[in-house]
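Undergrad: whatever this is, show me its structure:
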Amino acid sequence: MTGFGWLAPLLLAPFIGSFMGVLIVRLPSGMRVVKTRSVCVGCGTTLDPRDLVPLLSFVAMRGRCRRCGAPIGLFHPAIELAAVAVAAWVALADPDSVWVDCGLGWTLLTLSWIDMKAFMLPDVLTLPLIVAGLALTWIWTSPDLADHSLAAALGYLSFRALAIAYHGLRGLHGLGDGDAKLIAAAGAWCGLTALPLVVLGSALAGLLAALGLALAGRTMTLTTRIPFGPCIGAAFWLVWMHGPAIDALIRLLGDI
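TA: Here you go, the predicted structure:
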């Protein structure tokens, strides 16, 4: 990428992050996303535009409501900063499709946060992600459309088969339908060759998450729920952004 094509998404990232925060809060509870005004959770007062400027309003109000003084909490500045981090990552990676990469990163971040918060991956985000991956493949490299379509189908069907088998053996729900749709999206974007790398990365991320929770003192059992969406999202993102480098590293380690 030449010039300053990365600057616009970087500047807009806090505003995108603010909207992501709205999605994360409202989608799991079934609230309207765009027709409901934001209110203070402490006093219920409708917030003014000056209260909703990403990052700056939080700093100006010192993290408290202008009217009742209730703490705002760190969620909103955290998601806004996370959106900036995604844009900075894309800028540093020097891609040719900065808006596409940022859009994918922001969507995966939103899905991961919702799954950590509510153990769900909403169809309103996962299904368009599948369509977008196939559409971009058709636009950029139309001969690869069949490969990416097959990857999406195999990704979904394999995860659904695992979920059904696990439920049949243990009587418990493991992988959700949202996980299967997200891995299908990874197949649609990354293709058949890269799909096993996404699956492997997701499994490793899941193991690391379980280990981290155990080290933090949480009792881990066979029924402990761990959101798998963030694991898929992290692997999906890394393979999309750095797939060739990861593949080269794996081949190098295999030769040692």
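Undergrad: now tell me which helix or strand of this protein has the poorest mean pLDDT.
TA: helix 56-60 (a mean of 79; mean pLDDT, DSSP states H and E).
Undergrad: the next helix or strand after that one packs against which elements?
TA: Next helix or strand after helix 56-60 toward the C-terminus (DSSP states H and E): helix 75-93. Judged by 3 or more Cβ pairs under 8 Å, 6 or more residues apart in numbering; DSSP states H and E, helix 75-93 is in contact with helix 7-26, helix 98-118, helix 229-255. Heads up, the C-betas are built off the backbone N, CA and C, glycines and all.
Undergrad: how about the contacts made by the residue positioned nearest the centre of the chain?
TA: With distances taken as Cα atoms, centre = their mean, Leu108 lies nearest the centre of the chain, 1.9 Å away. Neighbour list for Leu108: 233, 236-237 [criterion: Cβ atoms under 8 Å, 6 or more residues apart in numbering].
Undergrad: make a markdown table from the helices and strands packed on helix 75-93 and add distance to Ala180 and mean pLDDT to it.
TA: Listed next are these as a markdown table, based on distance: least, Cβ to Cβ, whole Å; pLDDT from 0 to 100:
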| stretch | distance to Ala180 | mean pLDDT |
| --- | --- | --- |
| helix 7-26 | 21 | 94 |
| helix 98-118 | 13 | 97 |
| helix 229-255 | 10 | 88 |
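Undergrad: out of these, nearest to Val59?
TA: helix 7-26 (11.6 Å; Cβ to Cβ).
Undergrad: run the angle between the closest one and helix 75-93 for me.
TA: 140 degrees (axes from the mean of the first three to the mean of the last three Cα atoms, to 10 degrees).
Undergrad: export helix 7-26 to PDB, keeping only CA atoms.
TA: Extracted as PDB, the C-alpha positions of helix 7-26 are listed here (Å, rounded to 0.1, in the frame of the first residue of the first chain):
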ATOM      1  CA  LEU A   7      -4.800   7.100   7.600                       C
ATOM      2  CA  ALA A   8      -8.600   7.200   7.000                       C
ATOM      3  CA  PRO A   9      -9.400   3.900   8.700                       C
ATOM      4  CA  LEU A  10      -7.100   4.700  11.500                       C
ATOM      5  CA  LEU A  11      -8.800   8.000  12.200                       C
ATOM      6  CA  LEU A  12     -12.300   6.500  11.800                       C
ATOM      7  CA  ALA A  13     -11.400   3.400  14.000                       C
ATOM      8  CA  PRO A  14     -12.600   5.000  17.300                       C
ATOM      9  CA  PHE A  15     -16.000   5.700  15.800                       C
ATOM     10  CA  ILE A  16     -16.200   2.200  14.300                       C
ATOM     11  CA  GLY A  17     -15.200   0.900  17.800                       C
ATOM     12  CA  SER A  18     -18.100   3.000  19.300                       C
ATOM     13  CA  PHE A  19     -20.500   1.300  16.900                       C
ATOM     14  CA  MET A  20     -19.000  -2.100  17.700                       C
ATOM     15  CA  GLY A  21     -19.700  -1.400  21.400                       C
ATOM     16  CA  VAL A  22     -23.300  -0.800  20.500                       C
ATOM     17  CA  LEU A  23     -23.500  -4.100  18.700                       C
ATOM     18  CA  ILE A  24     -21.800  -6.000  21.500                       C
ATOM     19  CA  VAL A  25     -24.300  -4.600  24.100                       C
ATOM     20  CA  ARG A  26     -27.500  -4.700  22.100                       C
END
